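Novice: This is the structure alone, sequence omitted:
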């Protein structure tokens, strides 16, 4: 079968080049740390959504969308650097995290540097682009704060979970999709439509991330499973387990420094119970919702790409 | 004598209101942490420079400059939050630092939030404003990295010191001053002139900060003296002491965890030697240079304010 993303592969390569050019600094350590993360992999799913959306609406000014797709990935990269500090993460994308390798201060400052570069791109555009981008970033910080406030809390509800995921993950997908349509010159209704696609896709994406943190293969994930339990982050399988009164999960999750055997027991309980299937179903529901949203768009290889992205999420193994 | 800054006191109050409105978030902890820093004091010297510059060039669109002056202070506040994490600072502006009070993760995220809000303001303006603001922020991160790389290094030179200070402190003063003139609609030559004022003022300001870290009164500073020695930051008195081969300073500075008696001996050596006088003279030289730069501007209460700012630096006690 042909590659449904082949239609944006050239543009994705240009985003890659723009990313590499953007992180060049007169201070080599900034470039090194940024490159460690950015050139160390990543699925580039956010720029892919932005590019597909732009092309689906027949956008013409390619230079514009390359800058915005780059900005979206830079924002994502900045949050990963800062998240790894917050979680004290040892690994990211199959190698040492920047935090572990370069230390707290250089990693923190490099995260700031990437945020600044993202905003330099976004700031070239009109007030709508700036406001949407800033709103998405504000939501990222708000989602991170909400997650921190509910860290290791057994009172976290599915509604809390959904709010965190919408802000912390889905808002950037939503905004990237909307900016694609907006910069293609499309109308408000289509922009909202593709925004709902992005929002639902982002929720589905995070839910699968949460599932893989329990049942993923560590060599493919590039990090250990069980990180959400260790970090006290309320993932979907954890939230569902808490609702079920699952003792092993609740104990490990509430514990500030769970032992490896507590983690193992909690992971086993989730794997052997129903929460993983239920979480996968939730993810599928949101991915399908995303795909249904764009039914009304004109048929094109780009709409096909957007739908393929929704389906590919469900087969993710990393 | 009348207050030389009275001419911008109303505008500074409006900046204060804009700051307070900007940090309002639907997630109260973000607002609380931002307010802890921003409403906890600060001299607002950066927005003052920006406002005085704008008025000195007879700027008319007050709403614009209020947003930019607010953005400049937000950027400064964001870096303070992140710097306190990097330095592990216990105190800031006479009370517990946000890092100490609220913890690493919430403080880091609040710093990001303030950066985002700053860029939301700057992003409303044209590409020049965005580029200058982003460049200043990039310089802040580069200066921070350079400082980190030379932390506790006895090989740090006066040239290194000046580069760090230009990037880490003076670039934001310079950019704020330039933006004031630019948004007043002034010509390129005047913009460069007031930019040089800002650059030199910023260098003088940081040099006095470094002096006060040795000889300041702790109750006025709102923090302990000797922080640069504890954090391994190459301040001007430290760099001059290293050049002199001053043993007590060199020992405390190179040490990863200097004892209180090492710190005390190093501070005594600096107070009793010539480095403080020499550092004050350097600061005075840069402040005078700043004031001379603006001689060529038309005489006004605003130019008088800019000059008074240069002079007031030299009498700083906090």
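Specialist: Looks like it came in fine. All values derive from a computational prediction rather than experimental measurement. Residues are numbered from 1 along each chain as shown, chains lettered A, B, ... in the order given.

Novice: list the contacts for residue A:239?
Specialist: Shown in contact with residue A:239 (C-beta atoms under 8 Å, 6 or more residues apart in numbering or on different chains): A:156, A:157, A:158, A:160, A:161. Any C-beta I mention is one placed from the backbone N, CA and C, and that applies to glycine too.

Novice: And the contacts of stretch A:14-30?
Specialist: Against stretch A:14-30 from outside (C-beta under 8 Å, 6+ apart): A:31, A:34-35, A:38-39, A:44, A:47, A:51, A:66-67, A:69-70, A:73-74, A:102, A:106, A:109-110, A:113-114, A:117, A:121, B:138, B:141-142, B:145-146, B:149.

Novice: Going through those, which ones are buried?
Specialist: Among those, those buried by neighbour count (16 or more other C-beta atoms under 10 Å in any protein chain shown) are A:31, A:34-35, A:38, A:44, A:47, A:51, A:66-67, A:69-70, A:73-74, A:102, A:106, A:109-110, A:113-114, A:117, A:121, B:138, B:141-142, B:145-146.

Novice: Please list the members of the residues you listed that lie in strands.
Specialist: With DSSP state E as the criterion, strands contain none of the buried ones among the contacts of stretch A:14-30.

Novice: The nearest residue to residue A:227 once chain neighbours are set aside: what secondary structure?
Specialist: Nearest residue to residue A:227 in three dimensions, chain neighbours excluded: residue A:213, at 5.7 Å (C-beta to C-beta, 6 or more residues apart in numbering or on different chains). Residue A:213 falls in the helix class when you classify it by DSSP: H, G, I helix; E, B strand; the rest coil.

Novice: nearest residue to the most centrally placed residue in chain A other than its sequence neighbours?
Specialist: Residue closest to the mean C-alpha point of chain A, counted by C-alpha atoms, centre = their mean, is residue A:169 at 5.0 Å. Closest residue in space to residue A:169, ignoring its immediate chain neighbours: residue A:206 at 4.2 Å, by C-beta to C-beta, 6+ apart.

Novice: Now that neighbour: which helix or strand?
Specialist: helix A:188-215 (DSSP states H and E).

Novice: Enumerate the positions of that helix that are buried.
Specialist: A:190-191, A:193-214.

Novice: returning to what we had before: let's see which of the contacts of stretch A:14-30 end up in helices.
Specialist: A:31, A:34-35, A:38, A:47, A:51, A:66-67, A:69-70, A:73-74, A:102, A:106, A:109-110, A:113-114, A:117, A:121, B:138, B:141-142, B:145-146, B:149 (DSSP state H).

Novice: Surely residue A:148 is in contact with residue B:102?
Specialist: No: counting by C-beta atoms under 8 Å, residue A:148 does not reach residue B:102; the two are 10.0 Å apart.

Novice: What is the burial count for residue A:309?
Specialist: Residues near residue A:309, counting by other C-beta atoms under 10 Å in any protein chain shown, number 22.

Novice: can you tell me how far it sits from residue A:225?
Specialist: From residue A:309 across to residue A:225, the span is 24 Å (C-beta to C-beta, to the nearest Å).

Novice: Mind jotting down where the strands sit in chain A?
Specialist: Under DSSP E, chain A gives strands at A:91-92, A:95-96.

Novice: Just put those strands in TSV and tack on distance to residue B:175, mean neighbour count and mean pLDDT.
Specialist: Below are these laid out as TSV (distance: least, C-beta to C-beta, whole Å; neighbours: other C-beta atoms under 10 Å in any protein chain shown; pLDDT from 0 to 100):
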stretch	distance to residue B:175	mean neighbour count	mean pLDDT
strand A:91-92	33	20	86
strand A:95-96	36	16	89
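
Novice: burial of residue A:20, as a residue count?
Specialist: Residue A:20 - counted by other C-beta under 10 Å - has 14 other residues nearby.

Novice: And residue A:318, by the same measure?
Specialist: 16.

Novice: Check whether it really touches residue A:215, as I assumed.
Specialist: No: applying C-beta under 8 Å as the test, residue A:318 and residue A:215 come out as separate, 11.9 Å apart.

Novice: Quickly list what's touching both of those two.
Specialist: Common neighbours of residue A:318 and residue A:215 (criterion: C-beta under 8 Å, 6+ apart): none identified.

Novice: isn't residue A:249 right next to residue A:241, touching?
Specialist: Yes: applying C-beta under 8 Å as the test, residue A:249 and residue A:241 come out as touching, 3.8 Å apart.

Novice: shared neighbours of the two, anything?
Specialist: Common contacts of residue A:249 and residue A:241, defined by C-beta under 8 Å, 6+ apart, comprise A:266, A:269, A:270.

Novice: Pretty sure the last one sits against residue A:241.
Specialist: It stands for residue A:270. Yes: contact criterion C-beta under 8 Å: residue A:270 and residue A:241 qualify, at 6.0 Å.

Novice: got any residues that touch both of the two?
Specialist: Residues touching both residue A:270 and residue A:241 (C-beta under 8 Å, 6+ apart) are residue A:249.

Novice: Quote the end-to-end distance of stretch A:213-223.
Specialist: Start-to-end span of stretch A:213-223 (C-alpha to C-alpha, to the nearest Å) is 9 Å.

Novice: list the buried ones in that stretch?
Specialist: Buried residues in stretch A:213-223 (16+ other C-beta under 10 Å): A:213, A:214, A:216, A:221, A:223.

Novice: tell me the two of those that are most distant?
Specialist: Pairwise distances across the buried residues of stretch A:213-223 (C-beta to C-beta) peak at 12.9 Å, for the pair A:214 and A:223.

Novice: Can you pull out the low-pLDDT segments for chain A?
Specialist: A:1-2 (pLDDT under 70).

Novice: do you know how far residue A:136 is from residue B:122?
Specialist: Taking C-beta to C-beta, one finds residue A:136 at 17 Å from residue B:122.

Novice: and these two? which has more neighbours close in?
Specialist: When neighbours are counted by other C-beta under 10 Å, residue B:122 comes out ahead of the other of residue A:136 and residue B:122, with 28 against 23.

Novice: count of neighbours near the closest residue to the more buried one other than its chain neighbours?
Specialist: Distances taken as C-beta to C-beta, 6+ apart place residue B:133 nearest to residue B:122, at 4.2 Å, with adjacent residues excluded. For residue B:133, the neighbour count with other C-beta under 10 Å is 28.

Novice: need the contact list for residue B:133.
Specialist: Contacts of residue B:133 (C-beta under 8 Å, 6+ apart): A:123, B:71, B:75, B:118, B:119, B:122, B:175, B:179.

Novice: Check residue A:36 too.
Specialist: A:98, A:101, A:102.

Novice: If we use 7 Å, what do you get?
Specialist: Residues in contact with residue A:36 (C-beta atoms under 7 Å, 6 or more residues apart in numbering or on different chains) are A:98, A:101.

Novice: and what of residue A:106?
Specialist: So residue A:106 contacts A:29, A:33, B:145, B:148 (C-beta under 7 Å, 6+ apart).

Novice: And for residue A:185?
Specialist: Residue A:185 neighbours (C-beta under 7 Å, 6+ apart): none.

Novice: Return the backbone torsion pair for it.
Specialist: The phi/psi pair for residue A:185 (degrees, to the nearest 10) reads phi 80, psi 20.

Novice: what's the spacing between it and chain B?
Specialist: Residue A:185 is 20 Å from chain B, where distance means C-beta to the nearest C-beta, to the nearest Å.

Novice: Name the residues of the stretch 101-250 of chain A found near chain B, please.
Specialist: Within reach of chain B by C-beta under 7 Å from any C-beta of the partner chain, the stretch 101-250 of chain A has these residues: A:105-106, A:108-109, A:112-113, A:115-116, A:119-120, A:122-124, A:127, A:130-131, A:134, A:137-138, A:141-142, A:144-146, A:148-149.

Novice: Apply 6 Å and report the result again.
Specialist: Within the stretch 101-250 of chain A, the positions near chain B by C-beta under 6 Å from any C-beta of the partner chain are A:105, A:108-109, A:112-113, A:115-116, A:119-120, A:123-124, A:127, A:130, A:134, A:137-138, A:141-142, A:144-145, A:148.
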